[in-house]
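Q: sequence? don't have it. structure:
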Ligand SMILES: C[S@@+](CC[C@H](N)C(=O)[O-])C[C@H]1O[C@@H](n2cnc3c(N)ncnc32)[C@H](O)[C@@H]1O
């Protein structure tokens with residue numbers, strides 16, 4: 001056991017201390033705390049420790065509200081106040097930008113007005129009848145009956161999942177603005193689904209291994225005044241409180257008569273919203289059902305100037321007509337490819353709006369893009385409250 005002083009936090013919100021000069025990461029430890037720590041993993045360059053006792057606690061320490069917090073690998077900032085978690089996120093993004101020597105304007109912070117009960121999707125594992133989340137960096141499953149970050153409709157559903165009598169597999173629970181619930185199940189077991197076992201849960205569909213076994217394989221989501229069909233395997237932003245603000249940050253950059261290309265467009269959320277001010281919107285998305293939803297969403301919302309394309313954005317971008325002047329990109333955590341960044345540099349696109357859920361890949365791509373573009377606006381949105389994850393919107397204008 002070693003007495004350790006926590007100096008600062010790393011990007012995952014873990015405390016950093018130094019043991020005989022070697023950097024040591026400790027979960028659930030805050031700057032200026034003094035702890036007794038046990039080293040549970042040691043490598044050439046760093047140690048991973050576990051706090052056994054807090055000798056001196058930080059004033060910003062608060063009691064975690066999740067009963068599984070110390071076990072579950074899901075969230076990692078519940079031991080600090082919401083305000084401190086936001087300060088941590090801002091400093092983290094600023095440090096990543098500064099370390100990469102990328103010049104950036106003042107970061108505008110957009111908070112989550114409901115930092116608990118916000119998630120509209122939970123993905124659970126099932127092992128030998130236990131339904132839950134993995135312990136951090138482990139394959140042992142914690143039996144979860146509630147997740148304080150998820151919407152009430154999802155928690156009501158969680159309590160009934162055992163009635164499905166699944167032994168092994170995975171269950172995703174999704175819920176929309178109307179508290180309707182879609183169950184997406186991967187299992188080779190016989191599912192014992194009875195709607196009467198889900199009293200007080202508005203189940204609209206159950207999908208097993210891609211086959212609809214009850215109701216529909218989609219639901220509708222309502223956001224920013226638009227209605228969207230969302231198939232079981234199509235992406236939708238997970239936070240209904242922050243998503244409208246995220247969409248507004250993007251849409252406010254689109255001017256009348258802009259021709260927009262929306263890369264990684266999902267069911268067409270940003271395309272449809274942009275179509276109100278833009279002349280035309282092209283989009284590229286790789287998931288077939290998402291593109292089919294997009295086509296239906298165009299009709300549902302009486303839009304006439306959106307043109308979705310099914311395909312791999314990294315490959316299709318160089319093949320489509322180049323009459324767009326504004327690009328919106330909202331890639332997965334992997335970010336853009338080197339070739340796509342180079343393609344954008346050589347294009348005469350005036351504006352790039354980069355939406356990112358991973359600041360590391362965002363900054364990697366910005367380092368290339370800033371050679372021809374200037375960052376005009378930078379927003380940090382608290383899409384994933386009480387976890388170390390952040391959502392960023394970066395608006396780049398051609399120099
Ligand atoms: C973060 S989501 C953004 C969706 C949309 N902008 C929204 O906010 O609803 C990323 C999307 O990129 C899609 N995607 C992933 N890889 C892709 C690729 N190589 N080409 C095109 N789309 C891709 C995913 O299916 C997903 O719909």
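A: Alright, I've got the coordinates. Not measured: the values here are computed from a predicted model.
Q: which residues pair with residue 2 across the strands?
A: residue 37 (DSSP bridges).
Q: check contacts around it.
A: 19, 36-37, 39, 49 (C-beta atoms under 8 Å, 6 or more residues apart in numbering). Where C-beta positions appear, they are placed from N, C-alpha and C, glycine not excepted.
Q: from these, which is closest to residue 269?
A: residue 49 (42.4 Å; C-beta to C-beta).
Q: Spell out which helix or strand contains residue 249, please.
A: helix 243-251 (DSSP states H and E).
Q: So for that helix, what gets flagged as buried?
A: Within helix 243-251, the residues that count as buried by 16 or more other C-beta atoms under 10 Å are 243, 245-247, 249-251.
Q: tilt between the following helix or strand past that helix and helix 243-251?
A: Per DSSP H and E, the first helix or strand lying C-terminal to helix 243-251 is strand 259-263. With axes from the mean of the first three to the mean of the last three C-alpha atoms, to 10 degrees defining the directions, strand 259-263 sits at 130 degrees from helix 243-251.
Q: where along the stretch 1-150 of the chain do the strands fall?
A: 2-5, 8-9, 15-19, 22-26, 34-42, 46-56, 107-110, 121-127, 130-134, 141-143 (DSSP state E, counting those that start in this stretch).
Q: Which one, of the ones you listed, ends up nearest to the ligand?
A: strand 121-127 (12.5 Å; C-beta to the nearest ligand atom).
Q: quick one: average pLDDT of that closest one?
A: The predicted model assigns strand 121-127 a mean pLDDT of 97.
Q: ditto for stretch 81-92
A: 97.
Q: can you check stretch 353-373 too?
A: Averaging pLDDT along stretch 353-373 yields 98.
Q: quick one: low-confidence ranges for the stretch 101-250 of the chain?
A: By pLDDT under 70, the stretch 101-250 of the chain has no low-scoring segment.
Q: quick revisit: also within reach of the ligand: list those from the buried residues of helix 243-251.
A: The subset of these within reach of the ligand, counting by C-beta under 6 Å from any ligand atom, is empty.
Q: Reformat the residues you listed as JSON lines; add distance to residue 212.
A: Below are the buried residues of helix 243-251 laid out as JSON lines (distance: C-beta to C-beta, whole Å):
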{"residue": "243", "distance to residue 212": "26"}
{"residue": "245", "distance to residue 212": "34"}
{"residue": "246", "distance to residue 212": "30"}
{"residue": "247", "distance to residue 212": "29"}
{"residue": "249", "distance to residue 212": "36"}
{"residue": "250", "distance to residue 212": "33"}
{"residue": "251", "distance to residue 212": "34"}
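Q: got the strands of the stretch 1-150 of the chain as TSV, with distance to the ligand columns?
A: As requested, the strands of the stretch 1-150 of the chain are exported to TSV (distance: least, C-beta to the nearest ligand atom, whole Å):
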stretch	distance to the ligand
strand 2-5	38
strand 8-9	26
strand 15-19	30
strand 22-26	28
strand 34-42	32
strand 46-56	30
strand 107-110	15
strand 121-127	13
strand 130-134	22
strand 141-143	27
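Q: wait, which of the ones you listed is closest to residue 184?
A: Comparing the strands of the stretch 1-150 of the chain by C-beta to C-beta, strand 121-127 comes nearest, at 8.7 Å.
Q: how close does the residue nearest the centre of the chain get to residue 238?
A: Of all residues in the chain, the one closest to the mean position by C-alpha atoms, centre = their mean is residue 357, 5.7 Å from it. Distance of residue 357 to residue 238, given as C-beta to C-beta, to the nearest Å: 10 Å.
Q: Then residue 35?
A: From residue 35 to residue 238 the distance is 33 Å (C-beta to C-beta).
Q: Confirm that residue 203 sits in a helix.
A: No. Counting by DSSP: H, G, I helix; E, B strand; the rest coil, residue 203 falls outside a helix, being strand.
Q: What residues does the stretch 101-250 of the chain have near the ligand?
A: Counting by C-beta under 6 Å from any ligand atom, the stretch 101-250 of the chain sits next to the ligand at 235-237.
Q: Wait, the residue nearest to the centre of the chain touches residue 387, no?
A: No. At 11.1 Å, residue 357 does not count as touching residue 387 under the criterion of C-beta atoms under 8 Å.
Q: so what's in contact with residue 357 and residue 238 at the same time?
A: Common neighbours of residue 357 and residue 238 (C-beta under 8 Å, 6+ apart) are 383-384.
Q: didn't residue 146 look like it was pressed against residue 67?
A: Yes. Applying C-beta under 8 Å, one finds residue 146 in contact with residue 67, separated by 7.3 Å.
Q: count of residues packed around the nearest residue to residue 46 once chain neighbours are set aside?
A: Leaving aside its chain neighbours, residue 46 sits nearest to residue 23 (4.8 Å; criterion: C-beta to C-beta, 6 or more residues apart in numbering). For residue 23, the neighbour count with other C-beta atoms under 10 Å is 13.
Q: What of residue 164?
A: With other C-beta under 10 Å as criterion, residue 164 counts 23.
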